[in-house]
Every structure is written in C-alpha cells, then in structure tokens.
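> I need the structure of the sequence given here:
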Amino acid sequence: MNWSHALGKTEDALATCKYVVEEIIPKSDPKNAHNTFCLLYSVIVIMKEFGKALEARDLFIATIVAPFEKHFGSGGSTFTKPTWKPILMLLDLQGNEDKEVKNIDEYMEWALDESSYELNSVIEGAMGNFSATPLALFGEVPYYLAKRKEVDFERRRCLISSACTTMERSRVNAQQCTPYAEVYAREKLVAIKALAKELDFIASTTT
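Below is the predicted model:
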C-alpha cells in the first residue's frame, strides 16, 4: 500500500487498507496489541494521508487501545505504546485541522516539551521498515499546531522549530529504513519549512 500511495494510486492504497482492516484484523488476537499495531501502522498512515485521519483514529482506538486496556489496563505496557499518544494526537489535529480541538492545551503541553520527542531507536527503526518512522508522525504534531492561527505567535514559531528538527531526525533515521520512510519525511519537511518561512516573514514585518 505504501508504493500505491507513493505512486498516487489512491484507490489501490485504500483497497489494501480495507482488506487489512476487514479480512486480517478480525482474525488477529485482540490481546496481541503489538501484532495489531504492526498490521495497522501503514494503514493508519495511508488513511490519514488520504483525508481519513478521524476514521483512522477511531480504528486505532477500537482495535488497539480499547482491547489493550480491556485485557491489561491503562497502565499496561507493550513495545509500541510510547507511540500511541502522539499518533492519536496527530490524527485528531489533522482530522480537525479547520475545527476546534477539544484537547489542544494537552497537545500544546506535549509538543512544547522537548522530551516528548525522545524515542527508543529500536522502535523508530522497526516501524520505519513498515511505513513512515514514528518520529515523522511525532514531528507532524507541532506542525499542525503551528498552523493554527489561534495559537500565540511565538509559540507557533517554537512549534515549527520542533517540527523541523524532529522531521529532519526522521529523515536521517529513515535512510536505514524503507525508501518510503525517507520520501515521507522529505516531503513533510518541505511543507514544514514553507510554514517556517511564512512565520519568519510575518515576524520580520511586525517588528
């Protein structure tokens, strides 16, 4: 599905996503959150890239988070759990880009904390062989926050700086992963740097 996405074959990519969701996931052990996450990771990325971020978020909660908490409780742990919160934040922000976001204060606190972007390199490399690296998705959180004009201007500039730094780290890491992961990070960097340039221009004309 990654290459269908890269080649612009939307219908093919989404058809593969549908097959995974409808045919493979129901046969998976709901207690095996790690396995389900690995199966759905590429699906989640593809869905959000094709305008289905909120559907992807609902899918993530229903098939990964809810079953995990049912069997192991909210305090349980699994290999990929450190990525869950930022992925859910991203899907919320991207899916509600032009709408009010209920938990924006919580998202801002996370995005402005430099420690939020620390991630086990094993997780980064492993998931980067499925799709975009997790740090690429982490880096999109401050990007989407920085796009919101209701956010304080200086905070927007801090956020876009974090987005750029984190996406560049993903791009470098992705060189050891699938080509898709590097292409993803490189394309996102273009958008992030464009917004950074726009914010720099605004700053230069208002000082």
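
> rest of the way, CA atoms for contacts and neighbours
Noted.

> Can you point out the buried residues in the longest helix along the chain?
In the chain, assigned by DSSP state H, the helix with the most residues is helix 179-205. If you call a residue buried by 16 or more other C-alpha atoms under 10 Å, then helix 179-205 has these buried ones: 180-186, 188-189, 192-193, 195-196, 199.

> Likewise for stretch 76-85?
By 16+ other C-alpha under 10 Å, the buried positions in stretch 76-85 come out as 80, 82, 83, 84.

> quick one: terminal-to-terminal distance for it?
14 Å (C-alpha to C-alpha, to the nearest Å).

> The residue most central in space within the chain: helix or strand, and which one exactly?
By C-alpha atoms, centre = their mean, the chain has its centre lying nearest to residue 137, at 2.9 Å. Under the criterion of DSSP states H and E, residue 137 resides in helix 134-146.

> next structured bit after the helix or strand bottoming out on mean pLDDT in the chain?
Counting by mean pLDDT, DSSP states H and E, the weakest-scoring helix or strand in the chain turns out to be helix 2-6, with a mean of 56. Moving toward the C-terminus from helix 2-6, the next helix or strand (DSSP H and E) is helix 10-19.

> tell me which residues of that following helix are tucked away?
Within helix 10-19, the residues that count as buried by 16+ other C-alpha under 10 Å are 10, 13, 14, 16, 17.

> Can you list the neighbours in contact with the next helix or strand after that helix?
Using DSSP H and E, the helix or strand that follows helix 10-19 in sequence is helix 33-49. Contacts of helix 33-49 with the rest of the structure, by C-alpha atoms under 8 Å, 6 or more residues apart in numbering, involve 1-2, 5, 13-14, 17, 20-21, 25, 28-30, 53-57, 60, 63-65, 67-68, 78-80, 91, 94-95, 127, 130-132.

> Keep only those of the buried residues of stretch 76-85 that are in helices.
Under the assignment DSSP H, those contribute residue 84 to helices.

> Redo the buried residues of stretch 76-85 as CSV? Include pLDDT and distance to residue 173.
Shown next, in CSV, are those (pLDDT from 0 to 100; distance: C-alpha to C-alpha, whole Å):
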residue, pLDDT, distance to residue 173
80, 93, 17
82, 95, 18
83, 97, 16
84, 97, 20
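
> circling back: between helix 134-146 and the longest helix of the chain, find me the angle.
Orientation check (axes from the mean of the first three to the mean of the last three C-alpha atoms, to 10 degrees): helix 179-205 against helix 134-146 gives 30 degrees.
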